[in-house]
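Engineer: got a predicted structure plus its sequence, pasted below:
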Amino acid sequence: MFLRTIIYLFFIVISTLTPRKAQAYSWGLDFGMTHILSDRDSSLPHETSAAFMISRSIVDGLSAWGGLNLPITPSIDPSVHIEPTFMLGSGYRIFEYDLGPNSTLDLNVGVLLGRSLEAEGRVFPISSFRINAVKNNHLTVHCGISTSPLSVGNDLSWGLTYGVGLQF
């Protein structure tokens, strides 16, 4: 109940904020995949997850991010279990390069707080680095790396992410 209230308040506050810079598209919706690796054995992905992300532009370059990561394959290592995870945080566009009249390439860095959706869910920090290619000012393709201290043994987990999205 408390988490649901926090989520509602987060999106109410974000939806009422207006970007300082006039933008044609201030919302973003992304769908992709994440291949999760562990520091113990980074040669093979431990698990593959479907990733859903929604973003809202707050001011020029700064966005609020919300996401959901749902495992779709079992882990190859029985000692590693990745739970479905909900995430909230923010991202900042640190670099943008114009590829043409309606296309850009940018680099985003983000910091999020994740919570597993299991009954006694853990809360943990997540950092993310993404390269986005934006075509026609609203179609996006992204790839990146995320990292988090997910496992119980304080092993650092890495995520290779990629996907497509829409800005509206």
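Structural biologist: Sure thing, it's come through.
Engineer: which parts of the protein are helices?
Structural biologist: 2-16 (DSSP state H).
Engineer: mind giving me the packing neighbours of the longest strand anywhere in the chain?
Structural biologist: Ranked by residue count, the top strand of the chain under DSSP state E comes out as strand 85-100. When contacts are defined as 3 or more Cβ pairs under 8 Å, 6 or more residues apart in numbering; DSSP states H and E, strand 85-100 packs onto helix 2-16, strand 62-71, strand 103-116, strand 123-135. Heads up, the C-betas are built off the backbone N, CA and C, glycines and all.
Engineer: quickly run through the sheet partners of it, with directions.
Structural biologist: Using DSSP bridges, strand 85-100 pairs in its sheet with strand 62-71 (antiparallel), strand 103-116 (antiparallel).
Engineer: now tabulate the ones you listed in CSV and tack on mean pLDDT.
Structural biologist: CSV is the format used below for the strands paired with strand 85-100 (pLDDT from 0 to 100):
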stretch, mean pLDDT
strand 62-71, 94
strand 103-116, 92
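Engineer: can you give me the buried ones in the longest strand of the chain?
Structural biologist: Buried residues in strand 85-100, counted by 16 or more other Cβ atoms under 10 Å: 85-91, 93.
Engineer: distance check, the residue lying farthest from the centre of the chain against L107.
Structural biologist: Relative to the centre of the chain, the most outlying C-alpha is that of P101, 27.3 Å out, by Cα atoms, centre = their mean. For P101, the distance to L107 equals 21 Å [Cβ to Cβ, to the nearest Å].
Engineer: with adjacent residues omitted, what lies nearest to V164?
Structural biologist: Spatial nearest neighbour of V164, chain neighbours left out: V141 (5.6 Å); criterion: Cβ to Cβ, 6 or more residues apart in numbering.
Engineer: fine, thanks again, bye for now.
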